[in-house]
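Asks: here is the input, now give the coordinates:
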Amino acid sequence: MFQGFYNLASGMLYQTRNLNVIGNNMVNSATPGYKPDRMVSTTFREEMLYRSGNRDKSNPVQIGSVSMIRASRSTVTSYNQGAVEETGGNLDFALTKPGFFVIQDSAGNQVYTRNGSFTTDEDGYLSLGSRGRVIGEDGNPIELPSDHIMVDQSGNIYEMPIKGQGTGEDDGNTEEQEPVLLGKLRVVDFNDYSQLVKGDNGVFTTTAAGNGVDGGIQWKSLERSNIDPIEEMTQMITSQRATQSAAQVLRIYDQLMGKVASDIGRI
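Replies: Prediction:
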């Protein structure tokens, strides 16, 4: 009889955590480059036996599986490419291949993101909002002295001269100036995405070293999240109904246990 309580309670706990994951996906569905999570479940006994497979708990080996009790093992992130949409924004950048932009926060730590919706901070540096400044190929933040820029597919950022602007010399020379290279967006990728730790708003941290990636940058565009709102809503409804069903059955179990205790008390 108590086994039923454990099964139902664990199921409700799992579905509650799953709803939190789904809710977070839906909240970030409009965040450029956001990658959704999925809950991975297992049975409690399977998880227990798997974890205790070795005495030192290193490289555990599953030695058995028998239980109806569900448990949350982990969440996994889908890194599939999202749709790229032209925005016309001068500081919008989309990645069309695997990789991440590199951001340096105020403490000097580097984080990684596919969100290319950049702005400039008060000092004129390209930045990702309050997360930090965008790092260039040379390892330094990229400074933009003006918004007259052009960016190629490799991420090279050029300052473009204002049309009709001459050299500024008094010799009457009105020859237009050449574009000036301001920097190159640094894009890195990782061999093992399981080492990435996901933070808020689609920002990742890791201690692993990234490999440089060249090309695959589309200017004046953003990669949309690869979240399917219909799928997320379907998953949410399914989890909510599973939770409600488990709660109803749990109440029935409670009533039965009360009746059993009452009947035994009369004997």
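Asks: Thr206 and Val197 touch, don't they?
Replies: Yes: the pair Thr206 / Val197 is scored as a contact, 6.3 Å apart, by Cβ atoms under 8 Å. Where C-beta positions appear, they are placed from N, C-alpha and C, glycine not excepted.
Asks: low-confidence ranges, the stretch 1-150 of the chain, go.
Replies: Where the stretch 1-150 of the chain drops to pLDDT under 70, the residues are 1-6, 42-73.
Asks: where do the strands of it begin and end?
Replies: 37-43, 70-77, 84-86, 93-95, 100-104, 110-113, 119-120, 126-127, 133-134, 149-151 (DSSP state E, counting those that start in this stretch).
Asks: which strands and helices sit next to the first one?
Replies: Translated: strand 37-43. Packed against strand 37-43, as judged by 3 or more Cβ pairs under 8 Å, 6 or more residues apart in numbering; DSSP states H and E, are the following elements: helix 2-27, strand 70-77.
Asks: centre of the chain versus it, how much separation?
Replies: Relative to the chain's own centre, strand 37-43 is displaced by 17 Å; criterion: Cα atoms, centre = their mean, to the nearest Å.
Asks: check stretch 102-117 too.
Replies: Worked out by Cα atoms, centre = their mean, stretch 102-117 lies 13 Å from the chain centre.
Asks: and what of stretch 113-121?
Replies: Going by Cα atoms, centre = their mean, the spacing between the C-alpha centre of stretch 113-121 and its chain's C-alpha centre is 15 Å.
Asks: over to stretch 108-122?
Replies: 14 Å.
Asks: ok, stretch 177-191 next?
Replies: So, by Cα atoms, centre = their mean, the centroid of stretch 177-191 is 23 Å from its chain's centroid.
Asks: re earlier: name the stretch among the strands of the stretch 1-150 of the chain that sits most buried.
Replies: strand 93-95 (a mean of 27; mean count of other Cβ atoms under 10 Å).
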